[in-house]
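J.: quick one, structure for this:
(one chain, ligands or ions: 1)
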Amino acid sequence: MPFCALEQLNKLYDGYKRAFCVNGHNVLLLQEEGKLYIIENRCPHMDVALEYADILPGQKIRCRAHGIEFDLNSGRAGGPLADSLDCLKHYTPVYHGSSVGLDI
Ligand code: FES
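T.: You can find the predicted model right below:
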């Protein structure tokens, strides 16, 4: 799989969040509490894009459509629908020189 750069490392900071389309995959690159995440830019509830979602303390993301919170590390939803929803889809960040991206 070819490496696809998303961002320069020196442009990342806590609170960074940006959507990309890579080879037909919509992904969201974000950094929170010093940790980098690449997730599918799609809420598992009703497929709404997560680029405008709120990042919450405790490494969580809350979809603005219906307020469901997902743990960024496990991808699991919280609340009463937790067991019925798929987890967020994660991609592994790949570091190449001064860039981060993914193999896709
Ligand atoms: S579409 Fe995200 S919470 Fe409903």
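J.: kindly state the beta-bridge partners for the spatially most central residue of the chain.
T.: The residue lying closest to the centre of the chain (Cα atoms, centre = their mean) is residue 39, at 3.1 Å. When assigned by DSSP bridges, residue 39 has beta-bridge partners residue 28, residue 90.
J.: likewise residue 77?
T.: Here residue 77, judged by DSSP bridges, has bridge partners residue 70.
J.: and it, what does it touch?
T.: Residue 77 makes contact with 44-45, 68-70, 85, 87, according to Cβ atoms under 8 Å, 6 or more residues apart in numbering. Backbone N, C-alpha and C define where each C-beta goes, glycine included.
J.: that older thread, any idea how far the residue nearest to the centre of the chain is from the ligand?
T.: Using Cβ to the nearest ligand atom, to the nearest Å, residue 39 is found at 13 Å from the ligand.
J.: those strands in this structure, which residues are they?
T.: Taking DSSP state E, the strands of the chain run over residues 3-8, 17-22, 25-32, 35-40, 54-56, 60-62, 69-71, 90-91, 94-96, 99-103.
J.: from the contact counts, what lies against the third one?
T.: So that's strand 25-32. Judged by 3 or more Cβ pairs under 8 Å, 6 or more residues apart in numbering; DSSP states H and E, strand 25-32 is in contact with strand 3-8, strand 17-22, strand 35-40.
J.: strand 3-8 and that strand, what's the angle between them?
T.: 40 degrees (axes from the mean of the first three to the mean of the last three Cα atoms, to 10 degrees).
J.: before we move on, the earlier item: make a markdown table out of the strands of the chain and add mean pLDDT.
T.: Shown next, in a markdown table, are these (pLDDT from 0 to 100):
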| stretch | mean pLDDT |
| --- | --- |
| strand 3-8 | 96 |
| strand 17-22 | 97 |
| strand 25-32 | 97 |
| strand 35-40 | 98 |
| strand 54-56 | 95 |
| strand 60-62 | 97 |
| strand 69-71 | 97 |
| strand 90-91 | 96 |
| strand 94-96 | 96 |
| strand 99-103 | 96 |
